[in-house]
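Chemist: Give me coordinates for this.
(one chain, ligands or ions: 5)
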Amino acid sequence: MMTIPVHLYISFAVLFAFNVVRLQASQACDRGVVTGRNYLMYDLNPAEGFNLRRDVYIRIAVFVKRLQQHGDWVLPPWGPLPHWKSKDIGEQLKLPWKKFFNVESLVKYVTVVELSDLLSDKKTLLVNQLIYLQHFQDGWNDEKWEEKYKFEECIKKPPYWETKGGLVKGWFWGYENIEAKNVSCLSFQGHYKKLLPILSKHSKTSGKVVMIDRGEIPLHDDYGGVNYWKARRSMRYSDHLYSLANQFRREFLESDDERDDTLLPSDWRDESVELKAKGGNYVCGHLRRQDFLYGRPSDVPSLEFAAKQLEKIALLLDLQNIFVASDGTNQEMEKLRSYLSPKFRLVLYLPSFETRKEILDGGVAIVEQIICSRARHFIGSFESTFSFRIQEEREILGFPSNSTFNRFCADGNNSCEQPAKWKKVM
Ligand SMILES: Nc1nc2c(ncn2[C@@H]2O[C@H](COP(=O)(O)OP(=O)(O)O)[C@@H](O)[C@H]2O)c(=O)[nH]1
Ligand SMILES: *[C@@H]1O[C@H](CO)[C@@H](O)[C@H](O)[C@H]1NC(C)=O
Ligand SMILES: *[C@@H]1O[C@H](CO)[C@@H](O)[C@H](O)[C@H]1NC(C)=O
Ligand SMILES: *[C@@H]1O[C@H](CO)[C@@H](O)[C@H](O)[C@H]1NC(C)=O
Ligand SMILES: [Mg+2]
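Modeler: Ligands and ions are numbered 1, 2, ... in the order given. Predicted coordinates:
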């Protein structure tokens, strides 16, 4: 039996299309010439989780928006992941973005195309240039940080191999029919926009496909700025995931968007700065376990101390319901329950097998994120991107900062440093 290296399961695709200059395109049309689109594809370090990948989506979406100013274009989606460990619900590969996100909403910021849609009418997708990003070998000395890039020798052998026909293949999200003409390693330090000269070179001719691997290396062009938030706000979840979360809130938490003032306009472009959310009659805690237990013992509380912190805020806010989102085991959650005073009710999202099979591990995590984003009060885990995405959602909904930018402290610490207030800009 062939064994597939673990990292292969983790990659996923987003594909952005950038295109020929708008002017040229319309002139070409006048002359009856059909101009093809240019596409940008990307992949990441296989080890990255779902929520960091969402952050990288924003980096690329904002960057592609800039490329779009050079022309007319389109863009696309994702695939499979690392913490998706369920073995009983089938393979979690080649999943289109529409499984988790509202693609029509994404498109209102930047044009995206699902990789599967792009492949659907092609026998083989040929990538004209595959750029494997790498950090400069000697990093940077703290004297002076500067933006720079340089095509050089690959420092580590990239995860591709040559075919008999002289083309290059790789994991490519499990698709057999993607091949690249040429791979080059690019040492890179800086923001995404630094890649503009390299990519706009390709946009001079149409029908080009450029792929960037290790897309987590370049930095945000507009970190925390208006474009960051636009791209972020465009990342609405799929209607189905909202409806599952809403059903759960109604049934187990007596919570809904009208009652809780968490209603958003159906189009994110109609959101206003004035939104004021109240949230449902429950506290939410995100308790990141697993690798965080080993990776950051001085920032992760024991279940007993987590229970104390949840009770304290529930008491202060006079709430009985405590919802917990976690990647912990069922045993851990039962232990947590045992530490809570019977005055409080621990509520967990435990979907049926059928639901799990349908929405998969990624969907379950998102439903929990939606529920937490509508709670009266939220406490996250230190430096968890899963928590960050909830905090952003609450910021979009207009919750008061002190109900959102909170984290669990490790045992014995009642005054650990709280997360920065990541305020939306519109
Ligand atoms: N269902 C569920 N999954 C979680 C929760 N916390 C973490 N996970 C899983 O673990 C992964 C953590 O990786 P990532 O998204 O990179 O977030 P981070 O590692 O916390 O920054 C998530 O993508 C989920 O698959 C949780 O509260 N509920
Ligand atoms: C591959 O791309 C590099 C960098 O753009 C270029 O120098 C090289 O000539 C290309 N090789 C082939 C075979 O096209
Ligand atoms: C948050 O701030 C508001 C107004 O400043 C205050 O009334 C409320 O009690 C605070 N909430 C918490 C949980 O500290
Ligand atoms: C509490 O946590 C902060 C970091 O958030 C740390 O600086 C401080 O030393 C900790 N205090 C105790 C008593 O452990
Ligand atoms: Mg992670």
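
Chemist: Now do the closest residue in space to P218 that isn't next to it in sequence, the pLDDT please.
Modeler: Excluding the flanking residues, the one nearest P218 by CB to CB, 6 or more residues apart in numbering is Y192, at 4.4 Å. Just so you know, the C-beta spots here come from the backbone N, C-alpha and C atoms, and that holds for glycine as well. Y192 carries a pLDDT value of 95.

Chemist: In this structure Y192 contacts F63, no?
Modeler: Yes: checked against CB atoms under 8 Å, the pair Y192 and F63 is within contact range at 3.8 Å.

Chemist: neighbour count winner among those two?
Modeler: Each of Y192 and F63 has its neighbours counted (other CB atoms under 10 Å); F63 has more, 29 against 24.

Chemist: if I look at whichever residue of the stretch 301-426 of the chain sits closest to ligand 3, how far off is V425?
Modeler: The minimum distance from the stretch 301-426 of the chain to ligand 3, using CB to the nearest ligand atom, falls at N402 (3.7 Å). Noted for N402: a distance of 19 Å to V425, by CB to CB, to the nearest Å.

Chemist: tally of neighbours for the residue of the stretch 101-250 of the chain found nearest ligand 1?
Modeler: For the stretch 101-250 of the chain, the residue closest to ligand 1 is E216, as judged by CB to the nearest ligand atom, at 11.1 Å. Neighbours of E216 under the rule other CB under 10 Å: 17.

Chemist: helix or strand for the residue most central in space within the chain, which one?
Modeler: Most central in the chain under CA atoms, centre = their mean is R54, positioned 1.5 Å from the mean C-alpha point. Using DSSP states H and E, R54 falls within helix 50-68.

Chemist: Return the distance of that helix from the chain's centre.
Modeler: Mean-position distance between helix 50-68 and its chain equals 9 Å (CA atoms, centre = their mean, to the nearest Å).

Chemist: hmm, that helix in reach of ligand 1?
Modeler: Yes: residues of helix 50-68 contacting ligand 1 under CB under 6 Å from any ligand atom: F50, N51, L52.

Chemist: residues contacting the residue in the stretch 51-200 of the chain positioned nearest to ligand 3?
Modeler: The stretch 51-200 of the chain approaches ligand 3 most closely through N51 (24.9 Å), counting by CB to the nearest ligand atom. Going by CB atoms under 8 Å, 6 or more residues apart in numbering, N51 touches S384, T385, F386, F388, R389.

Chemist: 6 Å - rerun?
Modeler: T385, F386, R389 (CB atoms under 6 Å, 6 or more residues apart in numbering).

Chemist: Repeat that for S266.
Modeler: Not one residue lies near S266 by CB under 6 Å, 6+ apart.

Chemist: distance of it from Y242?
Modeler: 11 Å.

Chemist: now the helices for the stretch 151-300 of the chain?
Modeler: Ranges of helices in the stretch 151-300 of the chain, per DSSP state H, counting those that start in this stretch, are 196-202, 226-233, 239-253, 257-260, 291-295.

Chemist: average pLDDT for the longest one?
Modeler: Per-residue pLDDT over helix 239-253 has a mean of 98.

Chemist: Now do it: which elements does it pack against?
Modeler: Applying 3 or more CB pairs under 6 Å, 6 or more residues apart in numbering; DSSP states H and E, one finds that helix 239-253 contacts helix 353-373.

Chemist: List of residues touching the helix it packs on?
Modeler: By CB under 6 Å, 6+ apart, the list of residues contacting helix 353-373 reads 84, 86, 89, 92, 100, 237, 241, 244-245, 284, 323, 325, 349, 378, 390, 393-394.

Chemist: returning to what we had before: would you check how far apart the residue of the stretch 101-250 of the chain closest to ligand 1 and K150 are?
Modeler: Going from E216 to K150 by CB to CB gives 19 Å.

Chemist: Kindly report the same for S206.
Modeler: 28 Å.

Chemist: is ligand 2 contacted by stretch 207-218?
Modeler: No: judged by CB under 6 Å from any ligand atom, stretch 207-218 stays clear of ligand 2, getting no closer than 10.6 Å.

Chemist: List the contacts of that stretch.
Modeler: For stretch 207-218, contacts defined as CB under 6 Å, 6+ apart pick out 36, 38-45, 48, 56, 127-133, 188, 192, 202.

Chemist: Which of the residues you listed fall within helices?
Modeler: Residues of the contacts of stretch 207-218 located in helices (DSSP state H): V56, H202.
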